[in-house]
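In: Have a look; sequence and predicted model below, questions after that.
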Amino acid sequence: MATLSIPAADVHLALDEQGEGFPLLFLHGMWCDRHIFDGVAEAMSGGYRAICPDLRGHGGSGVPSQPWTVRDVARDLLQILDVLAIDTAVAVGHSLGGMAALQLALMAPSRLRGLVLLSTSAEAENPERRSQLSLMSMAINMGGMNRWLARRVASAFFSPAFARRSPASIRAWRAHLHAMPKRALMQALEAVRDRPSVVDRLDALTMPALVMGTQKDQIADSAHAAVMARKLPNANLVMLPGGGHALPMERPKELVQALRQFMIDQIE
């Protein structure tokens with residue numbers, strides 16, 4: 001595995017890559033880092049080039065001095081593809097990473113052979129949810145990521161079953177959350193809160209797509225997955241029973257199986 005640092009417009013971007021073959025660009029969710037895809041990327045690296053960046057403000061990547069948007073993340077992804085001399089790839093995006101993958105597809109459709117959208121949404125946040133995220137941003141601004149808030153976030157992010165069988169993974173994720181700078185936490189939260197809807201533009205994305213989610217996700221509404229699958233012209237929908245928002249961590253075997261089948265049936 002190689003770890004690289006790539007310059008973007010206003011930050012540097014850390015990424016891991018391993019394997020050879022058609023490129024898969026794995027994009028993690030808000031307040032996560034590239035390691036959420038470790039098991040999936042390792043499993044796929046036997047036949048593919050697995051590229052796992054830390055999105056701006058996350059993990060080993062830089063924290064911008066100014067607020068940013070989901071479109072800025074998509075521009076970062078274009079920079080990664082350019083620097084790595086990748087003409088076209090399949091984007092595998094979880095949550096915020098899926099939102100950025102959609103923006104990348106709309107911005108530069110020729111650069112994506114396919115889309116895999118995990119526990120994400122093409123819709124804007126509704127007013128109630130926007131208010132909740134604004135209150136959370138205010139709380140972080142005043143007191144940072146305290147233990148009570150970290151527990152609340154973790155309880156929404158992970159299913160109870162996963163928390164029981166993988167307590168070490170939960171502890172590691174919460175430690176990562178506490179280590180994130182306050183500015184980085186707020187920037188990511190506000191980028192997700194303020195993103196525009198792209199539902200009405202999905203019919204322009206004709207590349208093959210796989211939409212996956214879990215039925216018990218407390219963050220990404222399963223109805224949003226159904227909307228994406230219906231609006232995208234060439235999409236399949238896979239909804240896994242149970243599970244939480246952290247699909248790449250909680251259900252890696254099912255994800256690898258679905259991703260391999262998608263690549264065989266739709267891409268290769």
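Out: Received the coordinates, thanks. Residues are numbered from 1 along each chain as shown.
In: Every contact and neighbour count from this point should use C-alpha atoms.
Out: Noted.
In: isn't Ile51 right next to Glu20, touching?
Out: No. Applying CA atoms under 8 Å as the test, Ile51 and Glu20 come out as separate, 10.2 Å apart.
In: So if I had to pick from those two, which one is more boxed in?
Out: Using other CA atoms under 10 Å as the criterion, Ile51 and Glu20 rank with Ile51 on top: 27 against 13.
In: That one belongs to a strand?
Out: Yes. Remark: Ile51 belongs to a strand, assigned using DSSP: H, G, I helix; E, B strand; the rest coil.
In: got the phi/psi numbers for the nearest residue to it once chain neighbours are set aside?
Out: Spatial nearest neighbour of Ile51, excluding adjacent residues (CA to CA, 6 or more residues apart in numbering): Glu17 at 4.4 Å. Dihedral angles phi and psi of Glu17 (degrees, to the nearest 10) take the values phi -140, psi 150.
In: Show me the beta-bridge partners of Glu17.
Out: Legend: beta-bridge partners of Glu17 under DSSP bridges are Ala2, Ile51.
In: how close does the closest residue to Thr214 other than its chain neighbours sit to Gly213?
Out: On the basis of CA to CA, 6+ apart, the spatially nearest residue to Thr214 that is not a chain neighbour turns out to be Leu240, at 4.6 Å. According to CA to CA, to the nearest Å, Leu240 stands 6 Å off from Gly213.
In: Could you check which of those two has the larger neighbour count?
Out: Neighbours around Leu240 and Gly213, counted as other CA under 10 Å, are more numerous at Gly213. The numbers are 31 against 16.
In: Which strand or helix spans the more buried one?
Out: With elements delineated by DSSP states H and E, Gly213 resides in strand 209-214, which encompasses its position.
In: try Val90
Out: Going by DSSP H and E, Val90 is part of strand 89-94.
In: Please name the strands paired to that strand in the sheet, noting orientation.
Out: Each strand paired with strand 89-94, and its direction, by DSSP bridges: strand 22-27 (parallel), strand 112-118 (parallel).
In: I'd like the distance from the shortest one to the chain centre, please.
Out: Right, the one you point to is strand 22-27. Taking the mean C-alpha point of strand 22-27 and that of its whole chain, the gap between them comes to 12 Å (CA atoms, centre = their mean, to the nearest Å).
In: Let's test this: mean pLDDT of it, rounded?
Out: Averaging the model's pLDDT scores along strand 22-27 yields 98.
In: Show me what it is in contact with.
Out: The contact list for strand 22-27, computed with CA atoms under 8 Å, 6 or more residues apart in numbering, reads 34, 37, 41, 47-55, 86, 88-94, 96-98, 101.
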